[in-house]
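**Student:** Below is the sequence, then the predicted model.
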Amino acid sequence: MLRRLIAILKMQVPQGQNINTVLLIVGLFAIILVLDFFTPPPYALGFLYTGPILLASSRLSRSATLQVTVMATGLTLLNLFIPKAEWVNLSSVMNRTLMALALVVTGWLSERNLSHEEAIARHKAQLQAQEYLASVREDFVSTLTHDLKTPLLGAIETLQSLQQEKYGAVTSAQEKVFAAIVRSHERSLALIETLLDVYRNDTEGVRLKKKPVKLVDLAEEAIATLSDLASKRQVDVDLSYAKSGYHSLWVNGDALQLQRVFTNLLTNAINSCPRGGKVEIVLESDSSYQMVKIVDNGRGITPDELPRLFERFYQGHSDRQSMGSGLGLYLTRQIIEAHGGTVWGKNRSPSTDNNHRVRGASFGFRLPVQQRSEQLSSQS
């Protein structure tokens with residue numbers, strides 16, 4: 001029988017591997033067999049076979065563990081017939097049966113434990129692979145953006161030197177060409193920065209440096225920054241808020257990040273307006289939230305665009321985002337949600353102005369209100 005066990009286990013073990021484990025299991029079987037078969041009937045030592053079962057489970061294959069479990073169960077029940085006929089004794093039969101069941105349960109639990117350990121090992125390997133891939137991606141993005149930004153910055157500085165006539169006189173026609181190239185390079189640079197920010201936000205979360213901020217100041221700065229774009233598009237930009245609530249339009253936020261939100265939404269609104277159009281920034285306040293709405297009188301948003309406005313790289317089907325990368329609104333959502341706020345986009349309610357039907361879109365966000373005590377401390 002022991003030879004049979006050795007043969008079975010050798011078949012389940014790769015050549016030259018774990019042979020010591022096989023010999024150890026066989027040796028334990030021999031010792032337990034002798035003890036169990038030559039112990040007086042009232043005493044049953046078959047439970048000792050749990051040792052070889054657990055050893056096989058931890059060091060050998062599932063098939064080898066099954067073979068060991070079957071062999072241990074068989075030897076435990078065989079003691080009812082050899083060396084004496086104990087099968088006529090009901091108590092001996094019950095003891096041996098329960099012991100055999102315990103050995104089967106031990107083998108089953110060992111197999112389940114091995115399966116869980118293998119699943120954990122696979123999961124750990126997957127996590128390590130994902131962490132490595134994330135590290136490679138981060139290195140790639142950082143290297144790529146650096147390699148792209150460096151020549152762009154150099155080109156912009158060179159063009160600005162040409163505009164300043166450091167290398168000779170510049171005609172008005174050349175000045176226009178240089179200015180157009182500079183604007184193109186600056187847009188490319190801004191796109192690279194946006195791509196890098198979106199990637200960092202997705203992998204690391206939005207990093208905020210919060211302090212009390214007045215939304216009115218951010219809105220006015222955004223209007224001033226985009227005045228050239230509005231003038232070129234012949235779009236009128238107005239700022240509206242209740243004068244009595246000027247001192248209550250505070251939030252606890254990152255001024256630089258929120259400035260990007262204003263710039264993104266205002267740029268989107270200006271680009272969506274027709275020539276001679278109008279954009280209005282409306283600031284509202286209540287006891288819990290500050291609300292910002294940027295309303296335009298453009299074409300509006302189509303029904304299939306509405307659910308996807310803030311998705312990454314989504315540009316829509318109209319000319320609303322035709323000049324962008326599809327990242328501006330996605331980055332806006334990241335920043336607002338990091339501040340604990342909400343952002344939305346919808347069609348404005350149609351109205352009549354000078355006998356003309358006015359349509360358009362309304363984008364906005366709301367942020368938790370800044371406490372009064374913190375406002376006063378920041379002003380002092």
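**Tutor:** Nice, I can see it.
**Student:** Can you pull out the low-pLDDT segments for the stretch 201-350 of the chain?
**Tutor:** 243-248, 313-326, 350 (pLDDT under 70).
**Student:** Just the strands from it, written as ranges.
**Tutor:** 211-214, 236-241, 250-253, 278-285, 289-296, 342-347 (DSSP state E, counting those that start in this stretch).
**Student:** Out of those strands, which is closest to I192?
**Tutor:** strand 342-347 (23.8 Å; CB to CB). Heads up, the C-betas are built off the backbone N, CA and C, glycines and all.
**Student:** partners of that closest one in the sheet?
**Tutor:** strand 361-368 (antiparallel) (DSSP bridges).
**Student:** In stretch 100-118, which residues are buried?
**Tutor:** Applying a neighbour-count criterion of 16 or more other CB atoms under 10 Å, one finds A100, A102, L103, T106, G107, S110, E111, L114 buried in stretch 100-118.
**Student:** Now render these as TSV, adding distance to A129.
**Tutor:** Formatted as TSV, those follow (distance: CB to CB, whole Å):
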residue	distance to A129
A100	44
A102	40
L103	39
T106	35
G107	33
S110	29
E111	27
L114	23
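**Student:** Redo the strands of the stretch 201-350 of the chain as a markdown table? Include mean neighbour count and distance to L35.
**Tutor:** Listed next are the strands of the stretch 201-350 of the chain as a markdown table, based on neighbours: other CB atoms under 10 Å; distance: least, CB to CB, whole Å:
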| stretch | mean neighbour count | distance to L35 |
| --- | --- | --- |
| strand 211-214 | 18 | 77 |
| strand 236-241 | 16 | 91 |
| strand 250-253 | 24 | 75 |
| strand 278-285 | 20 | 85 |
| strand 289-296 | 22 | 78 |
| strand 342-347 | 17 | 73 |
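**Student:** Go through those and name the closest to Q130.
**Tutor:** strand 342-347 (29.2 Å).
**Student:** Determine the angle, from 0 to 180 degrees, between the closest one and strand 289-296.
**Tutor:** 30 degrees (axes from the mean of the first three to the mean of the last three CA atoms, to 10 degrees).
**Student:** can you list contacts of strand 342-347?
**Tutor:** With contacts defined as CB atoms under 8 Å, 6 or more residues apart in numbering, strand 342-347 is touched by 300-301, 306, 309-310, 329, 332-333, 336-337, 359-366.
**Student:** just so I know, which of the strands of the stretch 201-350 of the chain lies nearest R62?
**Tutor:** strand 342-347 (52.3 Å).
**Student:** so M291 sits right up against R366, yeah?
**Tutor:** Yes: assessed by CB atoms under 8 Å, M291 is found in contact with R366 at 4.5 Å.
**Student:** hang on, the earlier thing: I'd like to know which of the contacts of strand 342-347 are buried.
**Tutor:** 300-301, 309-310, 329, 332-333, 336, 359-366.
**Student:** Can you show me the helices along the stretch 251-380 of the chain?
**Tutor:** 255-272, 328-338, 372-379 (DSSP state H, counting those that start in this stretch).
**Student:** quick one, domains of this protein?
**Tutor:** 1-205, 211-379 (automatic domain parsing).
**Student:** just the ones you listed: most buried one?
**Tutor:** domain 211-379 (a mean of 17; mean count of other CB atoms under 10 Å).
**Student:** V206: neighbouring residues, count only.
**Tutor:** 17 (other CB atoms under 10 Å).
**Student:** How much space separates the nearest residue to it once chain neighbours are set aside from G154?
**Tutor:** Setting aside the residues directly before and after it, V206 is nearest to A338 in space (CB to CB, 6 or more residues apart in numbering), at 3.6 Å. Separation of A338 from G154 (CB to CB, to the nearest Å) stands at 33 Å.
**Student:** OK, contacts around the closest residue to Q163 other than its chain neighbours?
**Tutor:** Leaving aside its chain neighbours, Q163 sits nearest to F178 (5.1 Å; criterion: CB to CB, 6+ apart). Residues counted as contacts of F178 (CB under 8 Å, 6+ apart) are L159, L162, Q163, V170.
**Student:** Next one: F178 from L331, what distance?
**Tutor:** Counting by CB to CB, the gap from F178 to L331 is 30 Å.
**Student:** Helix or strand: which one has the closest residue in space to R207 that isn't next to it in sequence?
**Tutor:** Counting by CB to CB, 6+ apart, R207 lies nearest to R200, which is 7.9 Å off, once chain neighbours are set aside. Applying DSSP states H and E as the criterion places R200 in helix 172-204.
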